[in-house]
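# Sharing a model prediction with you, sequence too.
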Amino acid sequence: MSLSVLLLAASATDAARERTRRSLAAQSIAVTARASVSELPQDAGEYVVLLMPGAVLDATACERAAWFLATRPRVSCVTGALAGDDRPTVANVVQFLMIRVATMRQLLAPGEVLHAASAVALAIGVRRAAGTGVGWLAEPVLRAAADAEVVTPIDSSARAAMESIGMPEAALIDLEATRLPVHPLQQLMTVARPALEVRLAPATGRRVLALLQGFPMGGYTAFNADLLPRLAALGHVITTCTTEWWRSDWRLDQVRATSPDIHHAHAAVPQAAVPAYIDWLITSRRIEVVLLSHTFLGLHLLPYLRARHPTVAFVDYVHTDWFEAGMYGSYASMATRWEGQLDAQLATSHALVRQLTSAGCEPAAVRASHIGIDTAVWQHNGPRLADVRASFGASASTLVLLFAGRVSPEKRPHLAVDVAAQLRREGHDVVLVVAGGGPLLQATHARAMESGLDGRFALLGELDEHTLRHVFASADVFLAPSEIEGISRSLYEAMAMGCIPVVSDVGGQRELVVPGTGALVDATLDVPDGYLDAVRPYLDPAVRAGVSRAARQQIVAHFDSRTTVQTVCETMQVAVERRCTRQDVLPPAMAEELAVLSLEIIRRHASR
């Protein structure tokens, strides 16, 4: 059934109206624009959208809003965030409001014309009648706001109207419905699916659902953001669903540009309805392959999803042997335990493949797929490197050490600081640059200042990929003393840009750093000595020049992303073929109980 969208009467320009019409045409579900309440058919469905001309919707906004209301029967209406700004305001309601048709008809006189202020007027009416505010979709609903000259006066008059009746702005939007539950989850929610007509994109390849933890800053996110558009370019139709409560927008626009069918399950529906929402995505998109990448919940939902979708193939990409040990255990160990529920597995290194197969995974169904990098993009073609180095306080002769990645305990940024400080004490011209964000950002800065690196230390924070390439190209040594890695994404990036790696010998990193391309250091010791010994040869510019060329050539010759994409596609084909002969299905009650337990683990972790 087509969802009705009432375009509010407003003094918008023709160009603004056209922007809105284009965004409606790009919605993931069928929608019909209507000009008045009288145009609504009697069987208009359960929901209707009030939309300000000029506002541009996210591609899945209407679908996610309908699911929000379908799984929250006590909520009468919902609005949502503007991309890049998740603070609830009256202006959000002014521009987008999905409301139950029955509620709207109770509050409106028959034949009443809906003007620009109607959405917020209805929201105020709902608040006064029901005692509850408008529900809130935290993930972006609006990709772009309506023109300010249209929204601002309506926003101001709405605030004045609320003030006149003693209604604070905070009462209009109710965040309670989206908070984590206080009590432990007992069972999955039985959901009456909203009557929505999903628009299927044409496919020349597979229809793939990518189940991801989220889009927080990190190597696995960069890999996902690079892989999914490349699969789309080959004709695969990609639907993306994040499954956990982490920050979910870093590099997400790279995926959105080619595959805008993006869903944040935790924001759209209550915790207990997340499995039903993913089930809906598989059914409504006619998914053929589910590709899991670094998702605890996705792995634990395998029995539930396999039982409901016996013809769908499931593939897991294992990034590392470690992550959040207190919550998850090891991703590699989980992949081993769930091998019977998977049709094929990918791993970031040959070392990880050997670990999986030695633990019992079927060798024919496990393949190494290095995350790779587009070496045509990751190469020297930016601004003058001398200017970039000068911004760090470095001259042509300075040794620039770069720590790039998540600034967190397992990456051991303190060792990078200690190495730079010791080299400075020895009289060497050294600068340490830290690019990335994370929980130890402030502590790393404090340690650098205490170690005497004031003026020889640059803290850049999180960077976009374009800027990061210039930073890698201007640095001399990539210093990554991580305690644990699969293979660091930043290692590929650094070597591709000719930045010499001095990294811990963990995971499969020795598959990239071969003799003559950099140095590997014993990761079992949490002291700077080994890294100092490894860095000292590169104090000589002549030595640096040769190793820099060799490091880049290693990536160009063996680790271009085209090989990665080819391996992923071949593995999906293997999974589809194996699926025809594999029917490992748990009893439904057991599969649902497992889903409940995994959701509860995530709730407890997130609530901390």
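Looks like it arrived, so ask away.
# For L479, which three-state class applies?
On the three-state scheme (DSSP: H, G, I helix; E, B strand; the rest coil), L479 is labelled strand.
# same question but for L459, I mixed them up
Going by three-state DSSP, the secondary structure assigned to L459 is strand.
# Distance check, it against P439.
The span separating L459 from P439 equals 14 Å under the rule C-beta to C-beta, to the nearest Å. Quick note: C-beta positions are derived from backbone N, CA and C, even for glycine.
# and these two? which has more neighbours close in?
Between L459 and P439, counted using other C-beta atoms under 10 Å, L459 has the larger neighbour count: 16 against 11.
# Could I get the pLDDT score of that one?
Looking at L459, its pLDDT stands at 94.
# Test my guess that it contacts A443.
No: the pair L459 and A443 does not pass the contact test of C-beta atoms under 8 Å, sitting 11.5 Å apart.
# List the contacts of Y317.
Y317 is in contact with 291-294, 345-348, 369, 568, counting by C-beta atoms under 8 Å, 6 or more residues apart in numbering.
# now do L479
Taking C-beta under 8 Å, 6+ apart as the definition of contact, the neighbours of L479 are 401-403, 416, 419, 502-503, 531, 535.
# try 6 Å
For L479, the contacting residues are 401, 403, 416, 502, taking C-beta atoms under 6 Å, 6 or more residues apart in numbering as the criterion.
# before we move on, what about D261?
Here D261 is in contact with 28, 239 (C-beta under 6 Å, 6+ apart).
# okay, L356: pLDDT?
pLDDT for L356: 92.
# partner residues bridging the residue lying closest to it once chain neighbours are set aside?
Closest residue to L356 in three dimensions, ignoring its sequence neighbours and counting by C-beta to C-beta, 6 or more residues apart in numbering: V366, at 5.2 Å. Note on V366: beta-bridge partners Q345, judged by DSSP bridges.
# Against V576, how distant is V366?
When C-beta to C-beta is applied, the distance between V366 and V576 equals 16 Å.
# so what's C499 up against?
Shown in contact with C499 (C-beta under 6 Å, 6+ apart): 472, 475, 478.
# List just the nearest of those to L212.
When the contacts of C499 are compared for distance to L212 (C-beta to C-beta), F472 comes out closest, at 25.2 Å.
# so how many other residues sit close to V377?
Burial measure for V377: 13 neighbouring residues, criterion other C-beta under 10 Å.
# what packs against the one helix or strand G135 maps to?
Element membership for G135 (DSSP states H and E) is strand 135-144. Applying 3 or more C-beta pairs under 6 Å, 6 or more residues apart in numbering; DSSP states H and E, one finds that strand 135-144 makes contact with helix 61-70, strand 77-82.
# Any idea which of these gets closest to P194?
Go through the helices and strands packed on strand 135-144 one by one with C-beta to C-beta and the one that ends up closest to P194 is helix 61-70, at 4.4 Å.
# Can you name the residues that contact Q95?
Neighbour list for Q95: 52, 55, 146 [criterion: C-beta under 6 Å, 6+ apart].
# show me where pLDDT drops low in the stretch 51-200 of the chain?
Counting by pLDDT under 70, the ranges of the stretch 51-200 of the chain that qualify are 110-111.
# That one: helices as residue ranges?
Listed in chain order, the helices of the stretch 51-200 of the chain (DSSP state H, counting those that start in this stretch) span 61-70, 90-95, 101-107, 118-130, 148-164.
# Of those helices, which is nearest P588?
Among these, helix 61-70 comes nearest to P588, with 22.2 Å by C-beta to C-beta.
# what's that closest one packed up against?
The elements that helix 61-70 packs onto, with contact taken as 3+ C-beta pairs under 6 Å, 6+ apart, are strand 77-82, strand 135-144, helix 265-268.
# show me where the stretch 351-500 of the chain has strands.
Counting by DSSP state E, counting those that start in this stretch, one finds strands in the stretch 351-500 of the chain at the ranges 366-368, 399-404, 430-435, 457-461, 477-480, 500-504.
# Just send those strands back as a markdown table, with distance to G205 too.
Written out in a markdown table, the entries for those read as follows (distance: least, C-beta to C-beta, whole Å):
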| stretch | distance to G205 |
| --- | --- |
| strand 366-368 | 19 |
| strand 399-404 | 34 |
| strand 430-435 | 35 |
| strand 457-461 | 38 |
| strand 477-480 | 36 |
| strand 500-504 | 35 |
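# so which of the ones you listed comes closest to R100?
Nearest to R100, of the strands of the stretch 351-500 of the chain and by C-beta to C-beta, is strand 457-461 at 43.5 Å.
# In a markdown table: the helices and strands packed on strand 135-144, plus mean neighbour count.
Converted to a markdown table, the helices and strands packed on strand 135-144 look like this (neighbours: other C-beta atoms under 10 Å):
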| stretch | mean neighbour count |
| --- | --- |
| helix 61-70 | 25 |
| strand 77-82 | 27 |
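# Distance to R286 added to those, as TSV?
Rendered in TSV, the data for these read as follows (distance: least, C-beta to C-beta, whole Å):
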stretch	distance to R286
helix 61-70	16
strand 77-82	27
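# Let me know which of these is the nearest to L594.
Closest of the helices and strands packed on strand 135-144 to L594 is helix 61-70, at 23.0 Å (criterion: C-beta to C-beta).
# Next, the angle strand 135-144 makes with the closest one.
180 degrees (axes from the mean of the first three to the mean of the last three C-alpha atoms, to 10 degrees).
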